[in-house]
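Colleague: turn this into a structure:
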Amino acid sequence: MEQRIFSRIPDKISVKYKVKGEGEEKETLSLDIGGGGVCLILKEKIPLKTYLELTLILPEGEKLYCSLAEIRNQKYNQKEGYYEAGIRFLRMSIPDRRGFIRYIRSKIREFRKDSLNR
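Modeller: Numbers count the residues shown, from 1 in each chain. So this is what the prediction gives:
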């Protein structure tokens, strides 16, 4: 059973990724985000424990970099026709991680505000 240090929230942000050591960068969307990682939509299966480099692009255009991330789990969503890959951040600068957590906290405040207004 996996235990998370950071909880995840549903949010679609743009993410550029490439397999560490390979040249081709691809762009996708997240399904959910958390301070310790993201769940990404992938068109192709990438082996577990593969290392990635990520650029997280927040809605305001701010770009945050994760120089080392790892594919921790992956499942095929047959209905939607893509892989859902759980990605764990392994190396991210303190300012970029703080910026990402700040963004997540703002989204949590939005969810709470929306739920109170229902």
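
Colleague: paired strands for the longest strand seen in the chain, with orientation please.
Modeller: What stands out as the longest strand in the chain, according to DSSP state E, is strand 63-77. Paired neighbours of strand 63-77 in the sheet (DSSP bridges): strand 51-57 (antiparallel), strand 82-92 (antiparallel).

Colleague: residue 37: which of the ones you listed is closest?
Modeller: Closest approach to residue 37 among the strands paired with strand 63-77 is made by strand 82-92 (4.3 Å; Cβ to Cβ). (C-beta placed from N, C-alpha, C; glycine too.)

Colleague: report the mean confidence score over that closest one.
Modeller: Average pLDDT, strand 82-92: 97.

Colleague: if we look at it, which residues are touching it?
Modeller: Strand 82-92 has contacts (Cβ atoms under 8 Å, 6 or more residues apart in numbering) with 31, 36-46, 51-52, 54, 64-77, 97, 100.

Colleague: for stretch 100-116, same thing?
Modeller: Contacts for stretch 100-116 (Cβ under 8 Å, 6+ apart): 6, 9, 11, 33-35, 56, 58, 62, 64, 92.

Colleague: now the residues you listed: which count as buried?
Modeller: By neighbour count, with 16 or more other Cβ atoms under 10 Å, the contacts of stretch 100-116 hold 11, 33-35, 56, 58, 64, 92 as buried.

Colleague: could I get the strands paired with strand 63-77 as TSV with distance to residue 17?
Modeller: Formatted as TSV, these follow (distance: least, Cβ to Cβ, whole Å):
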stretch	distance to residue 17
strand 51-57	5
strand 82-92	8
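
Colleague: sorry, back to before: what is the most widely separated pair among the buried ones among the contacts of stretch 100-116?
Modeller: Across those, the longest distance by Cβ to Cβ is 17.3 Å; it joins 11 and 92.
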